[in-house]
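Colleague: any chance you could fold what I've pasted below:
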Amino acid sequence: MSDNEEIVEEYEEEVEGVEEEEQEDAEEEEEAKPKFKPFIMPNLIPPKIPDGEKVDFDDIHRKRMEKDLMELQTLIEVHFVSRKKEEEELINLKDRIDKRRSERAEQHRIRSEREKERQKRLEDERARKEEEEAKRKAEDDAKKKKTLTSLHFGGYMQKLTEKRSGKRVTEREKKKKILCERRKSLDIENMSQEALKAKAKELWEWMHQLEAEKFELQYQLTSQKYEVCANNQCAEEPRERSSEIVRITAELTIQEVKERPEEVDDPMCAVAYFGATPNCLYTRTSAVIYIPLYQLSYSHPLTKE
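Modeller: Below is the predicted model:
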């Protein structure tokens, strides 16, 4: 009985030592390998050694080895499963990274193209404005040059014409000549008092004469303006009255009109009855004539005032 207890104690010590070694190996593997979900080992109960019988140590060792092999296989399977899962996640992550990288490259390319197009539009707009500005400036310069050339050429031609004709009389010179004739120089330095009085009286009479001529000319201008306005009014009155018409009853019967058809075809009158066409034949009571008002003073065979 004491031998069996010693054997059981030795077996338990060996099992504890093996478990400690396996735990240390597992810790080392966990430190060396990437972490994964812990595997819950089933609680294995050591075989009971029957009392009073012989213990088969080979069988115990074999069972222990089988148990270790099962645990190892389980660990290997768990490891491969976790590794496969990690590889799949890594592949998915790489795919997402590549996809995101390609999307960013495409976005960058699109932004670059848009920026190039914008820069090109700005350059084209700037070039167009510069070209228009240069063209406008060239046109202005050409106009100025043409104006100056025409002025110089016109002045040259005028000088040449005056030189050929032997005269150079302009309106300003005419005015200057007339004023020189009117404005006579006053030599009053050596005049006596009586001569100065006579000169002042002469100038006053001359100024009085000029004022009288000015008044007469202004009155004549006003009269001419009034006559022009009156003539314009007289000319406008027939035009205003030509748009007015008067309704006059016809005095000819159908028989009389047939005898004198040339009077109906006169373009100065228009016969109408309830919207009918002109130059038609009607009875005495229904025929009407529309004639301009300013023609009432003239005698017409189809009209009666």
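Colleague: how close does Thr222 get to Glu236?
Modeller: 21 Å (CB to CB, to the nearest Å). C-beta: built from backbone N, CA, C; applies to glycine.
Colleague: and Glu173, how many residues sit next to it?
Modeller: As a burial measure, Glu173 scores 10 neighbours (other CB atoms under 10 Å).
Colleague: likewise Ala195?
Modeller: Neighbour tally, Ala195, other CB under 10 Å: 12.
Colleague: renumber starting at 143 from here on
Modeller: With the count now opening at 143, the last piece we talked about shows up as Ala337.
Colleague: mind listing what it touches?
Modeller: Ile330 (CB atoms under 8 Å, 6 or more residues apart in numbering).
Colleague: what about Gln215, distance to Lys209?
Modeller: Taken as CB to CB, the span from Gln215 to Lys209 is 11 Å.
Colleague: the two: who's more crowded?
Modeller: Lys209 (13 against 10).
Colleague: which helix or strand contains Ile239?
Modeller: helix 199-307 (DSSP states H and E).
Colleague: what helices or strands is that helix leaning on?
Modeller: Packed against helix 199-307 by the contact rule (3 or more CB pairs under 8 Å, 6 or more residues apart in numbering; DSSP states H and E) you find helix 144-174.
Colleague: on that earlier part again, let me see the mean pLDDT of the helix holding Ile239.
Modeller: Taken as a whole, helix 199-307 has a mean pLDDT of 83.
Colleague: now do stretch 316-327
Modeller: For stretch 316-327, mean pLDDT rounds to 75.
Colleague: then stretch 363-383?
Modeller: Mean per-residue pLDDT for stretch 363-383: 78.
Colleague: mind listing what's buried in it?
Modeller: Under the neighbour-count criterion of 16 or more other CB atoms under 10 Å, stretch 363-383 has nothing buried.
Colleague: same thing with stretch 273-284?
Modeller: Of the residues in stretch 273-284, none is buried (16+ other CB under 10 Å).
Colleague: list of residues touching that stretch?
Modeller: Here stretch 273-284 makes contact (CB under 8 Å, 6+ apart) with no residue beyond itself.
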